[in-house]
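*Asks:* Sequence first, then the predicted structure, then my questions.
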Amino acid sequence: MDSRHFLARPSVYRCGLTVARYLPSFLLYAISDRFAELSYLLYKKEKAGVSANIKKIFPDLPEKDVKRITFRVFRN
């Protein structure tokens, strides 16, 4: 079984590229935003890792700001 993140699998990447050729940019951005939000909600381990890294970099940052930055990392 492939242990990589679902979106990092070559077959998913190729499928996404194929679909992207036929869609307008504004629709692609909307779809990518939804994928980012789903990833943020579903991939708890990755989200915890990003949050931990942000807390190491900015130890005095309030939790609310850590969550906001973490979400932005997934949207990027």
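*Replies:* In hand now; what should we look at? Residues are numbered from 1 along each chain as shown.
*Asks:* any low-confidence regions in this structure?
*Replies:* 1-4, 7 (pLDDT under 70).
*Asks:* 90 instead, please
*Replies:* Along the chain, segments meeting pLDDT under 90 span 1-20, 28, 31-32, 35-36, 38-39, 42-43, 46, 74-76.
*Asks:* what sits up against the longest helix anywhere in the chain?
*Replies:* If you go by DSSP state H, the chain has its longest helix at helix 25-42. For helix 25-42, the external contacting residues (CB atoms under 8 Å, 6 or more residues apart in numbering) are 7, 20, 23, 46-47, 70-71, 74-75. C-beta here means a position set from N, CA and C on the backbone, and glycine is covered the same way.
*Asks:* do that again at 10 Å, thanks
*Replies:* Here helix 25-42 makes contact (CB atoms under 10 Å, 6 or more residues apart in numbering) with 5-7, 16, 19-20, 23-24, 46-47, 50, 67, 70-76.
*Asks:* in this protein, which spans are helices?
*Replies:* Using DSSP H, helices in the chain cover 10-20, 25-42, 44-57, 63-75.
*Asks:* would you list these in TSV and tack on mean neighbour count?
*Replies:* TSV is the format used below for these (neighbours: other CB atoms under 10 Å):
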stretch	mean neighbour count
helix 10-20	11
helix 25-42	12
helix 44-57	13
helix 63-75	14
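*Asks:* Give me the distance between Asn76 and Phe58.
*Replies:* 17 Å (CB to CB, to the nearest Å).
*Asks:* Neighbour count: these two, which is higher?
*Replies:* Higher neighbour count among Asn76 and Phe58: Phe58, with 12 against 6, using other CB atoms under 10 Å.
*Asks:* so who does Asn53 touch?
*Replies:* Asn53 touches 69-70, 73, counting by CB under 10 Å, 6+ apart.
*Asks:* contacting residues for the closest residue to Val73 other than its chain neighbours?
*Replies:* Residue nearest to Val73 in three dimensions, not counting chain neighbours: Val50, with 5.2 Å by CB to CB, 6 or more residues apart in numbering. Taking CB under 10 Å, 6+ apart as the criterion, Val50 is in contact with 40, 43, 66, 69-74.
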